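Visitor: Test case, fold it:
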Amino acid sequence: MSIGTYYAEALQTAKKFKNLLVFFVLTHTVLLAFGQWMVASKNPGVLAFRAAQLKEIQNLPYLKPLTGALADSLALKILYTFFFNLVFGAFFSTTLTGLVFFFPYVIAVWRSFIVGILVFGLNSSASAMIVFYGTFILEFGAYSISSAAGTDLGLSLLSPGRKGKATRAEAVRESMRDMAKLYRLVIIILFLSAVWEISWLQYLGPLIKPGEGLPQ
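Guide: Predicted structure coming up:
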């Protein structure tokens, strides 16, 4: 199979999931904006939560390799970020959880809201905005696809007829075939996201620094 045919199949499958994809794209966008609005409105509870998260973010275990063992290698940092986002950010968090069909939505709401409240007001330079929104569009675009795949998996368990199958086993197998094709897109988008994000951060430095305060 040629590369063109390989990805043409993936895009054709994505068209079947158009409604779910639009739903997750809107969820991520709206909750990102809502989180930013809550900080801009200086909601006391959100500001306190945000301050606590900013203190902890530099000590998150999965970030330590980027500033430790892998710090001197751009290529290794890109690969680490890509595989972490693919395995944990996409598959385990947003696809496998789809066995309970509404869990990917819960993850999308929480993740986008957290990103919104953390990023707002921290670094408003043009270069920082290019890094952040470019990464957000790519990474959360991929998560929208992986979330759609997970939701479809859960719905196939609930209602095999929506996949045109008589049994749950047949519906799940069909859902997994669709998932495999959708993940062709997830993989390439997350790789591009890792290249974009880590290459820029290598040049600019981290967008969120220890001790950075709340917006005035």
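
Visitor: Against which helices or strands is the lowest-mean-pLDDT helix or strand in the chain packed?
Guide: Lowest mean confidence among the helices and strands of the chain (mean pLDDT, DSSP states H and E): helix 64-67, at a mean of 86. Packing contacts for helix 64-67, counted by 3 or more C-beta pairs under 8 Å, 6 or more residues apart in numbering; DSSP states H and E, involve helix 74-84. For glycine as for every other residue, the C-beta is placed from the backbone atoms N, C-alpha and C.

Visitor: Going by neighbour count, which residues of the helix it packs on are buried?
Guide: The neighbour-count check on helix 74-84 (16 or more other C-beta atoms under 10 Å) flags 77-82, 84 as buried.

Visitor: just stretch 170-177 next, same as before
Guide: Burial within stretch 170-177, assessed by neighbour count using 16+ other C-beta under 10 Å, is assigned to 171-172, 174-175.

Visitor: cool, and stretch 178-193?
Guide: 178-179, 181-186, 189-193.

Visitor: which stretches of this protein form helices?
Guide: Taking DSSP state H as the test, the helices found in the chain are 3-16, 18-40, 44-57, 64-67, 74-84, 103-119, 126-158, 168-204.

Visitor: Dump these to CSV, plus distance to Thr94.
Guide: Shown next, in CSV, are the helices of the chain (distance: least, C-beta to C-beta, whole Å):
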stretch, distance to Thr94
helix 3-16, 15
helix 18-40, 9
helix 44-57, 21
helix 64-67, 22
helix 74-84, 14
helix 103-119, 5
helix 126-158, 4
helix 168-204, 9
